[in-house]
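Peer 1: quick one, what's the 3D model for this:
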Amino acid sequence: MIQYRSKLSCLILLIWASACTELTPEQVAQHSLTPKVLVIGIDGIRPDVLMDVNTPNLDKLAEEGSFTSHAMTGYPSVSGPGWSSMLIGVWPEKHGVTDNSFEGERYDDFPDFLTRIEQIRPELSTFAVADWVPLGRSDQGRPTISDAVDVKHVLDGYEVGWAEADARSVQLAVQQLEGSDPDALFVYLGNPDEVSHEHSSIGSEYRGAIALADEHVGILVEAIRTRATYGEEDWLILSSTDHGRRSDGGHGGDTEEERTIYFLANGPSVITGTPPDSIFIVDVAVTALTHLGIQIDPSWQLDGKPVGIR
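Peer 2: Numbering: from 1, shown residues only. Here you go, the predicted structure:
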């Protein structure tokens, strides 16, 4: 009888809470799912070119979720500060990275979002793979993604070849999704940026590299949605880039072409449509942490905000 009354009381409380907060039955059911997040970072994507390329996988995620081609990265618009800002959630004046030398980094004070997860909720499983070496390994100082992350793979795109390195990175992530139970993942794809630099353009080669990155996105999404436990999980898929680029393939300046980036969010917790507010690269990490139920501590001094999620 006591057990029955306890269950009845819990049911009444759930119904009362739902009524008070005006939750729909779908939202009540969603709250019972396990939140998980995948961040896909694709290097050097110019949004207007992205929207002109045939990218069915990214297009579907955007159609079902939230997307803007008018988000902004910081300055200088190069990879070191860009990825640091995305993965940490603060601007260069805080994390200290102002170029690709990574000199002056303050990652001890401002760790990446996966390391934050390990610090606050070490029971959660974290994963990262990157084929631009400085993101995961450093001979001097600390890498952007720390060794506190549960599983971290570092490939060298210059050594392996960028297209091949991206493909291997994706397969490592797929193996993690199929054979383990990760809660937060970051997958970096570097080929589009390198192809644009190699050909000094945003022409057919660059567009082909973007289309190939989209195929990789499709593989990752399929690996998530075919998980045996997918029906019990609330996956948030985030994708963005570190910077745009000029027509000659260069970047680093303060022009609109170099600083405009895209932001994409997909999943049951996402508010569909174009985000109503201005979106910045520092919002990615904060959105990922918030989705996982990690309360943002003001002492962390994060500059970003959660975007596009309930």
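
Peer 1: name the nearest residue to residue 52, sequence neighbours excluded.
Peer 2: Spatial nearest neighbour of residue 52, chain neighbours left out: residue 207 (7.5 Å); criterion: CB to CB, 6 or more residues apart in numbering. No exception for glycine: its C-beta is placed from N, CA and C like everyone else's.

Peer 1: and that neighbour, which of the three is it?
Peer 2: With DSSP: H, G, I helix; E, B strand; the rest coil as the basis, residue 207 sits in helix.

Peer 1: bridged to residue 72, which residues?
Peer 2: residue 260, residue 280 (DSSP bridges).

Peer 1: the residue nearest to residue 52: what's it in contact with?
Peer 2: By CB atoms under 8 Å, 6 or more residues apart in numbering, the residues touching residue 207 are 49, 52, 53.

Peer 1: and the helices in the protein?
Peer 2: 2-21, 25-30, 47-50, 56-64, 79-88, 92-95, 113-120, 157-160, 162-179, 191-199, 204-225, 256-259, 283-291 (DSSP state H).

Peer 1: can you list the ones you listed in CSV and add mean pLDDT and distance to residue 132?
Peer 2: Formatted as CSV, the helices of the chain follow (pLDDT from 0 to 100; distance: least, CB to CB, whole Å):
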stretch, mean pLDDT, distance to residue 132
helix 2-21, 41, 43
helix 25-30, 52, 35
helix 47-50, 98, 19
helix 56-64, 98, 21
helix 79-88, 98, 7
helix 92-95, 98, 17
helix 113-120, 98, 16
helix 157-160, 98, 6
helix 162-179, 98, 9
helix 191-199, 98, 9
helix 204-225, 98, 14
helix 256-259, 98, 19
helix 283-291, 98, 17
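
Peer 1: do you know the pLDDT at the closest residue to residue 94 other than its chain neighbours?
Peer 2: Leaving aside its chain neighbours, residue 94 sits nearest to residue 110 (5.6 Å; criterion: CB to CB, 6+ apart). The model reports residue 110 with a pLDDT of 98.

Peer 1: contacting residues around residue 110?
Peer 2: Taking CB under 8 Å, 6+ apart as the contact definition, residue 110 lies against 88, 90, 94, 95, 96, 300, 301.

Peer 1: between the contacts of residue 207, which is nearest residue 286?
Peer 2: The nearest member of these to residue 286, counting by CB to CB, is residue 49 at 27.1 Å.

Peer 1: do you know how far the closest one is from residue 42?
Peer 2: 12 Å (CB to CB, to the nearest Å).

Peer 1: more neighbours, those two?
Peer 2: Between residue 49 and residue 42, counted using other CB atoms under 10 Å, residue 42 has the larger neighbour count: 26 against 19.

Peer 1: wait, the more buried one sits on residue 189?
Peer 2: Yes. With contact defined as CB atoms under 8 Å, residue 42 counts as touching residue 189 (4.7 Å).

Peer 1: any shared contact partners between those two?
Peer 2: The contact lists of residue 42 and residue 189 share residue 213, where a contact means CB under 8 Å, 6+ apart.

Peer 1: hang on, the earlier thing: now do the shared contacts for residue 49 and residue 42.
Peer 2: Overlap of the contact sets of residue 49 and residue 42 (by CB under 8 Å, 6+ apart) consists of residue 210.

Peer 1: what is the burial count for the residue nearest to residue 206 when sequence neighbours are not counted?
Peer 2: Among residues not flanking residue 206 along the chain, residue 196 sits closest, at 4.4 Å (CB to CB, 6+ apart). By other CB under 10 Å, 28 other residues sit near residue 196.
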